[in-house]
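In: Sequence plus predicted model, see below.
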Amino acid sequence: MTLLAACKPKENRKIRQDNTTPVVNASGTRINFPQKKSADFFQTEKISSTSLMADVTAPAKVSATILRSQEGASGNIVLFDNPELSGTYSQLLQHLTMINQIQNVNVRQRKTELARIKDLQEHGAATGKDLLESETALAMEETNLISERSAIIEQEAKLKAGGFEPKQLRSASAGTAYVICDIPESEVDKVKKGSNCQIQFAAFPNEKITGRIDDITDMVDQVTRMIKLRVSINNATEKLKAGMYGTVAFGVSEGKALSINQDALITIQGRNYVFIKIGPKSFERHEVNIGDQIGGRIIVFSGLRDGEEVVTKGVMQLKGLSFGY
């Protein structure tokens, strides 16, 4: 009797059921948590189509600085880091001076003399030889003018190839520095003339200086497929010197697109997935087709819709529940 009594189960004993284990459907695409506090562990973000900006960086160099000239000089001083460009710019100024001299002095004088000789010839005071010599002198000055203008085209082309606009150089204010950098041909349509950028120089590692994109040159390097971009900086303190190296960063717009945080994405056997929250305690796995990564964001072409809440924290736990590992 004693033995039988010991083996008899207690009628009032209750079996405690586990109500914390998440429930996963057979395909692993949906996960439900019995308790809301368990689901609250997973953080989400509501996605929408937004304009993405990527910080594109490029090595840069202070290629020229503008200094105030001595009193009485005709223009400011341009200091280039490249001696060849310095020589080209000097020749350009010389040709411009000659053009001014020939066009406004020499040609005018020759035209005046020719008019006088013609008048004298009409009154019998000048010979045909005098008229021919006057016409020849005018023609020579006009030929010299054409030659000087042709030389200017050559000098301007060299300056433009170096990233400079000759006319802007001549009118640049003292206290300006010009930075030249190269950008890939594929990025040129995304860079906007007149927009701001940030430059950090090796000489001032803890300081970021704001510059303005002045121009994008008209030439593509046939070997590197790079295009020169010119940035102007206020250098009133003259702290920036020609030849200083730095890095320029500017925002590149990628247009409007759906994007997710990089932490939201998992990749299994070459396929990309995210988890979205479909209820207070429920999550669903979605396969997505992705594009480029812009900063910490990844463009999504399909698999998601505006307004859906994508899990950004706890993704690896959901991955384990969904795929069983």
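Out: Received, thanks.

In: Which parts of the stretch 1-150 of the chain are strands?
Out: Taking DSSP state E, counting those that start in this stretch as the criterion, the stretch 1-150 of the chain contains strands spanning 23-24, 30-32, 43-46, 50-67, 77-80.

In: Before we move on, what's the pLDDT of residue 181?
Out: Residue 181 carries a pLDDT score of 94 in this model.

In: picking that back up, mind checking which of the strands of the stretch 1-150 of the chain is nearest residue 171?
Out: Nearest to residue 171 among the strands of the stretch 1-150 of the chain is strand 50-67; the distance by Cβ to Cβ comes to 10.0 Å. All C-beta atoms are positioned from the backbone trio N, CA, C, and that covers glycine.

In: In that closest one, which of the residues would be classed as buried?
Out: Of the residues in strand 50-67, those buried by neighbour count under the rule 16 or more other Cβ atoms under 10 Å are 52, 54, 56, 58, 60, 61, 62, 63, 64, 65, 66.

In: Could you work out the most separated pair of these?
Out: 52 and 66 (36.6 Å).

In: before we move on, back to that, CSV for the buried residues of strand 50-67, including pLDDT?
Out: Output for the buried residues of strand 50-67, formatted as CSV (pLDDT from 0 to 100):
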residue, pLDDT
52, 73
54, 68
56, 78
58, 89
60, 94
61, 96
62, 97
63, 96
64, 96
65, 97
66, 95
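
In: Am I right that residue 278 is in a strand?
Out: Yes - with DSSP: H, G, I helix; E, B strand; the rest coil as the criterion, residue 278 is part of a strand.

In: how deep is it tucked in, by neighbour count?
Out: Residue 278 is surrounded by 14 other residues when neighbours are defined as other Cβ atoms under 10 Å.

In: The nearest residue to it once chain neighbours are set aside: what's it in contact with?
Out: Closest residue to residue 278 in three dimensions, ignoring its sequence neighbours and counting by Cβ to Cβ, 6 or more residues apart in numbering: residue 284, at 4.9 Å. For residue 284, the contact set (Cβ atoms under 8 Å, 6 or more residues apart in numbering) comprises 29, 30, 31, 275, 276, 278.

In: does residue 284 sit in a helix, a strand or a coil?
Out: The assignment at residue 284 comes out as strand when based on three-state DSSP.

In: In the sheet, which residues pair with it? Tell me.
Out: Listed beta-bridge partners, residue 284: residue 30, residue 276 (assigned using DSSP bridges).

In: From residue 96, how far off is it?
Out: In this structure, residue 284 and residue 96 are separated by 72 Å, where distance is defined by Cβ to Cβ, to the nearest Å.

In: again with residue 120
Out: 35 Å.

In: any low-confidence regions in this structure?
Out: Under the criterion of pLDDT under 70, the regions of the chain flagged as low confidence span 1-18, 53-54, 71-74, 252-255.

In: Give the other helices and strands that the top helix by length along it contacts.
Out: Among the elements of type helix in the chain, defined by DSSP state H, the one spanning the most residues is helix 128-161. For helix 128-161, the helices and strands in contact under the criterion 3 or more Cβ pairs under 8 Å, 6 or more residues apart in numbering; DSSP states H and E are helix 83-101, helix 107-122, helix 166-171, strand 204-220.

In: In JSON lines, list those along with mean neighbour count and distance to residue 262.
Out: Rendered in JSON lines, the data for the helices and strands packed on helix 128-161 read as follows (neighbours: other Cβ atoms under 10 Å; distance: least, Cβ to Cβ, whole Å):
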{"stretch": "helix 83-101", "mean neighbour count": "16", "distance to residue 262": "43"}
{"stretch": "helix 107-122", "mean neighbour count": "14", "distance to residue 262": "68"}
{"stretch": "helix 166-171", "mean neighbour count": "15", "distance to residue 262": "42"}
{"stretch": "strand 204-220", "mean neighbour count": "14", "distance to residue 262": "25"}
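
In: Export the ones you listed as a markdown table, with columns for distance to residue 185.
Out: What follows is the helices and strands packed on helix 128-161, written out as a markdown table (distance: least, Cβ to Cβ, whole Å):
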| stretch | distance to residue 185 |
| --- | --- |
| helix 83-101 | 23 |
| helix 107-122 | 44 |
| helix 166-171 | 24 |
| strand 204-220 | 6 |
